[in-house]
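K.L.:
Following is a predicted model, sequence given first.
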Protein chains: 2
Amino acid sequence: MAHFPATPSFTGFNTPSRIEADIYDLAHQGSIPPELSGAFFRVQPDPQYPPRLGDDIAFNGDGMITRFHFHDGQCDFRQRWAKTDKWQLEHDAGAGLFGAYRNPLTDDDRVQGKIRGTANTNAWIHGGKLYALKEDSPALVMDPATMETLGYTWFNGKMTGQTFTAHPKIDPATGNMIAFGYAASGLCSDDCTYYEVTPEGELIHEIWFKAPYYNMMHDFAITEDYALFHIVPSIGSWDRLERGLPHFGFDTSLPVYLGVLPRRAGASADDIRWFKRDNCFASHVMNAFQEGTKIHFDTPEAKNNMFPFFPDVDGAPFDPVAASSYLTRWTVDMASNGDGFAAITRLTETVGEFPRIDDRFAGLPYRYGWMLEMDMRRPCELRGGSAAGMLMNCLFLKDHRTGAEQHWWCGPVSSLQEPCFIPRAKDAPEGDGWVVQVCNRLEEARSDLLLFDALAIEKGPIATINIPIRLRFGLHGNWADADAIGLAA
Amino acid sequence: MAHFPATPSFTGFNTPSRIEADIYDLAHQGSIPPELSGAFFRVQPDPQYPPRLGDDIAFNGDGMITRFHFHDGQCDFRQRWAKTDKWQLEHDAGAGLFGAYRNPLTDDDRVQGKIRGTANTNAWIHGGKLYALKEDSPALVMDPATMETLGYTWFNGKMTGQTFTAHPKIDPATGNMIAFGYAASGLCSDDCTYYEVTPEGELIHEIWFKAPYYNMMHDFAITEDYALFHIVPSIGSWDRLERGLPHFGFDTSLPVYLGVLPRRAGASADDIRWFKRDNCFASHVMNAFQEGTKIHFDTPEAKNNMFPFFPDVDGAPFDPVAASSYLTRWTVDMASNGDGFAAITRLTETVGEFPRIDDRFAGLPYRYGWMLEMDMRRPCELRGGSAAGMLMNCLFLKDHRTGAEQHWWCGPVSSLQEPCFIPRAKDAPEGDGWVVQVCNRLEEARSDLLLFDALAIEKGPIATINIPIRLRFGLHGNWADADAIGLAA
């Protein structure tokens, strides 16, 4: 390998990091509660090799998993590659063999037919396993204690779809992992799957269904009785791939859907009900829950496309103002006739994304939500003027019961990565605990891990844990108690 | 552990790094010759824990060993702690237990009598073993392939001294490792030992002798027939330690000696001849060799103390001009009467230290020497104005045959670490090969490894290999061919 291109995706804070590391007892300011015992896992796309096509988008980097292991008032750091089939093939070749994001037509002949997954989207824990997830491929299993890669899983052959979402949920009632796949029968197909997996790793429920149209189904939601799928027109097609266009493009002419699939045993694709609304953009889901016959689905909604690298299919220029997303409640009523929404209610005037909750309340009525906020009124003082991914500069807490909001600004030369809630105890009340998140120190080639009292974020972090290596733009992460993953408490 | 003090020893480029890491195939500019097959090892002092006494000097950090493994035109990175007894005791305690540099009176009671070594001075290879060396303690053995620590060695019990130099030599004629120890019978003692160890690890020669006075015997030299010990008055005493002074202090009232010990079997302390000269400062040795009855000993010599942290015993202020060192040839004649030097000849007007040679010529007449140069005429443009250790800003090559000099400047915001010569082949002529050295990018929290054509350094590096983590001020390092250390070629 020589070196990476001098493009925005590979320079400044986006310079590839590629570091497998162990650091005992990270230096920190403030104090780490000694009762905090477990690990926060997160993932960053981090290209192992220079892009085969000369440049690439951030979403196409190889998954690098970071673990922050908290115990005895200290935090230990470990970082390892998610060694996907792609990673291993390219490692053995000493070069990039896979081309553009979800376009196998751009791959080296030697890797035709191989799984293209990068495992770069979520570091997820269930049943004592660490899953490194990318929605275009099966789930990659890693050992959460050693962080060695074990390989892709099809759940003892019971998973018949080709893909597994990067955003599963845990059903608080059963502890089962609820998941889905799209493009489940092949790239650009409108076939989808619904999965339910026990903590022992048994796939006990698989339903095949069709989406209204092929699109980027990045997240979904559960409620006690339903799985909810929002269909937003980041569309794709083989035609686009053959023309060398980005896999996805945004189509403002298509409607948006919310699909409601009963989760009960025996349900099938015939039982899905599709509700329909006007065009908009929405990607992540904060949470969803039932209220009588109504279903509420809370998602950051933008007027138009949020992904400039998946541009408008008709060539409309990217509009940063229309791309601003506001947490919005989509309500449908299962007792209604027709396919209309019952209500669409903006819940805040704060621009934000990367919504998270106290996951013990997944699918249930809930009070608190945390997000990354982009406050454009705050000064930004980067020397070079370039930003790291989306420049999220505040942590935001919404209290749905009172409407109260808290904001914490990370300063003019930093940006924030997705927060993650940690309950104070297994039976602690909702929101009682901590929030962790990575803070990028954009001019110092390093990051901090910030630890907040979850319900007092405006007071600032109670501990600022110094990470002496450069992390990159990261995506999603999760907490696991020490006893759940075989780590020393 | 909380955090490190905000003192110059622990901030800026000196911020502790503490990173064990693996990085495959470092990105680089230029090209790495595919025939380069082996590894460059180096060490940096890197404190595992905040100093027990509130602040500390760079020389007291724990040894962190870096390996740059070259093969197939690429360079892989590995970094591991040298896990000394001190490191393990402090690791288990989660805090610093050992106090000031070479002052056990400042240690925690729990570690009284334990080996205080930090293994932070040289990463040395002999007989397939990696040695992490600190002159106040035995040699720490590591596996050069895995870089796991194996522990201290007393060479199957045959080494009876308590210390082993950080600057052994390899006798080109036998492949034996020639070494010594000082303070060999205990801290501040004037007892010294001479050692010779075969590639199989057998200690075949040990001689006890006395130094003219206790001092910091950091380096030495060999020739075909002799071992040479320079005695320079960085002195120390238990009285200083009891008074809480730095272990060493410089005494301008004492003479400097050069001791000549025959290396032949059967030689003893009685055979040492001590030559004497006026006071000066000298630490590292470039090389030494015999010419008839004369012995030439080449060392960077300064008029006065080079170590501000080991200050003048009479309180004289540190003088940076008098601390400037110039490569100087000390000549003594074994056919002479008396204890006077035969000649003292300055070999250059270039200010430099960290002298290195083509080690295949250790103790033999030689032509080429490389050094770090401090060129004060070059601009320095550091934002904060602080420098990393000694701000060595040029690589310097001296051709002793022609007198020619080459200089290469690393730029206004960088500094250099010790160079190391790599022969092109085992039987290549002297100087035919490469030089590697770490270049600190002082404002980017990272470093590069530079690779030069050894005899054309003024052309600049042929490869600049990007190290994506922050290294610290480093000390000494060495090259090993792949076949000598069980690494893949």
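P.N.:
Received the coordinates, thanks. Predicted model, so just to flag it, every value in this text is computed and none were measured. Residues are numbered from 1 along each chain as shown, chains lettered A, B, ... in the order given.

K.L.:
what about the strands in the stretch 351-489 of chain A?
P.N.:
Secondary structure of the stretch 351-489 of chain A (DSSP state E, counting those that start in this stretch): strands at A:368-373, A:394-399, A:405-409, A:414-416, A:420-423, A:433-441, A:446-453, A:463-467, A:477-481.

K.L.:
Export the ones you listed as TSV, with columns for distance to chain B and mean neighbour count.
P.N.:
Where C-beta positions appear, they are placed from N, C-alpha and C, glycine not excepted. Rendered in TSV, the data for those read as follows (distance: least, C-beta to the nearest C-beta, whole Å; neighbours: other C-beta atoms under 10 Å in any protein chain shown):
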stretch	distance to chain B	mean neighbour count
strand A:368-373	25	25
strand A:394-399	22	23
strand A:405-409	21	17
strand A:414-416	15	24
strand A:420-423	21	22
strand A:433-441	9	25
strand A:446-453	6	24
strand A:463-467	7	22
strand A:477-481	21	23
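
K.L.:
what would those strands look like in CSV with distance to A:Ile344?
P.N.:
Below are those laid out as CSV (distance: least, C-beta to C-beta, whole Å):
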stretch, distance to A:Ile344
strand A:368-373, 17
strand A:394-399, 17
strand A:405-409, 20
strand A:414-416, 28
strand A:420-423, 26
strand A:433-441, 28
strand A:446-453, 31
strand A:463-467, 39
strand A:477-481, 29
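
K.L.:
mind checking the end-to-end distance for stretch A:170-177?
P.N.:
5 Å (C-alpha to C-alpha, to the nearest Å).

K.L.:
what sits up against it?
P.N.:
Identification of contacts with stretch A:170-177 by C-beta atoms under 8 Å, 6 or more residues apart in numbering or on different chains yields A:126-127, A:168-169, A:178, A:195-199, A:204, A:222, A:224, A:359-364.

K.L.:
And the pLDDT at A:Met390?
P.N.:
Predicted confidence (pLDDT) at A:Met390: the value is 47.

K.L.:
Same question for A:Ala21.
P.N.:
On the pLDDT scale, A:Ala21 is placed at 98.

K.L.:
My reading is that it lies in a helix. Confirm?
P.N.:
No: counting by DSSP: H, G, I helix; E, B strand; the rest coil, A:Ala21 is located in no helix; its state is strand.

K.L.:
Okay, it and A:Ile115: tell me how far apart.
P.N.:
27 Å (C-beta to C-beta, to the nearest Å).

K.L.:
Which residues of chain A lie near chain B?
P.N.:
When proximity is defined as C-beta under 8 Å from any C-beta of the partner chain, chain A approaches chain B at A:1-4, A:15-25, A:27-29, A:31, A:48-49, A:72, A:74, A:91, A:94, A:444-446, A:466, A:468-470.

K.L.:
Just these: which are in helices?
P.N.:
Within these, residues falling in helices by DSSP state H are A:His91.

K.L.:
got the residue ranges for the strands in the stretch 101-250 of chain A?
P.N.:
A:122-126, A:129-133, A:139-142, A:149-153, A:169-170, A:177-182, A:191-197, A:203-210, A:221-222, A:226-231, A:234-236, A:248-250.

K.L.:
any idea how far chain B is from A:Asp359?
P.N.:
Separation of A:Asp359 from chain B (C-beta to the nearest C-beta, to the nearest Å) stands at 30 Å.

K.L.:
A:Asp55 now?
P.N.:
15 Å.

K.L.:
ok, A:Asn60 - contacts?
P.N.:
Here A:Asn60 is in contact with A:Pro45, A:Pro47, A:Pro51, A:Ala100, A:Tyr101, A:Thr118 (C-beta under 8 Å, 6+ apart).

K.L.:
Just the buried residues of the contacts of stretch A:170-177.
P.N.:
Neighbour-count burial (16 or more other C-beta atoms under 10 Å in any protein chain shown) applied to the contacts of stretch A:170-177 gives A:126-127, A:168-169, A:178, A:195-198, A:222, A:359-364.

K.L.:
and which of the residues you listed is nearest chain B?
P.N.:
Relative to chain B, the closest of the buried ones among the contacts of stretch A:170-177 is A:His126; by C-beta to the nearest C-beta it sits at 27.8 Å.

K.L.:
ok, for A:Glu196, nearest residue in space, not its chain neighbours?
P.N.:
In space, and not counting its chain neighbours, A:Glu196 is closest to A:His205: 3.7 Å by C-beta to C-beta, 6 or more residues apart in numbering or on different chains.

K.L.:
which residues touch that neighbour?
P.N.:
Contact analysis of A:His205 by C-beta under 8 Å, 6+ apart lists A:Tyr194, A:Tyr195, A:Glu196, A:Arg263, A:Ala265.

K.L.:
could those residues be laid out in CSV, adding pLDDT and distance to B:Lys210?
P.N.:
As requested, the contacts of A:His205 are arranged in CSV below (pLDDT from 0 to 100; distance: C-beta to C-beta, whole Å):
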residue, pLDDT, distance to B:Lys210
A:Tyr194, 98, 84
A:Tyr195, 98, 79
A:Glu196, 98, 80
A:Arg263, 96, 86
A:Ala265, 89, 89
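
K.L.:
what's the straight distance from one end of stretch A:246-254 to the other?
P.N.:
19 Å.

K.L.:
How confident is the prediction for the residue lying farthest from the centre of chain A, by pLDDT?
P.N.:
Here the centre of chain A is the reference, and by C-alpha atoms, centre = their mean the most remote residue is A:Asn337, at 33.8 Å. With respect to pLDDT, A:Asn337 scores 95.

K.L.:
Closest approach to chain B from the stretch 351-489 of chain A, which residue is it?
P.N.:
Of all residues in the stretch 351-489 of chain A, A:Ala445 sits closest to chain B, at 4.3 Å by C-beta to the nearest C-beta.

K.L.:
Which one of the strands of the stretch 101-250 of chain A lies nearest to B:Glu148?
P.N.:
strand A:149-153 (21.8 Å; C-beta to C-beta).

K.L.:
same for the closest one, what does it pack against?
P.N.:
strand A:139-142 (3 or more C-beta pairs under 8 Å, 6 or more residues apart in numbering or on different chains; DSSP states H and E).

K.L.:
Which secondary structure elements does the strand it packs on sit against?
P.N.:
strand A:129-133, strand A:149-153.

K.L.:
Adjacent strands (with direction) for that strand?
P.N.:
With DSSP bridges as the test, strand A:139-142 is paired with strand A:129-133 (antiparallel), strand A:149-153 (antiparallel).

K.L.:
tell me the angle of the last one relative to strand A:203-210?
P.N.:
I take that to be strand A:149-153. Angle, strand A:149-153 to strand A:203-210, by axes from the mean of the first three to the mean of the last three C-alpha atoms, to 10 degrees: 50 degrees.

K.L.:
And strand A:149-153, what's buried?
P.N.:
By 16+ other C-beta under 10 Å, the buried positions in strand A:149-153 come out as A:Thr149, A:Tyr152, A:Thr153.
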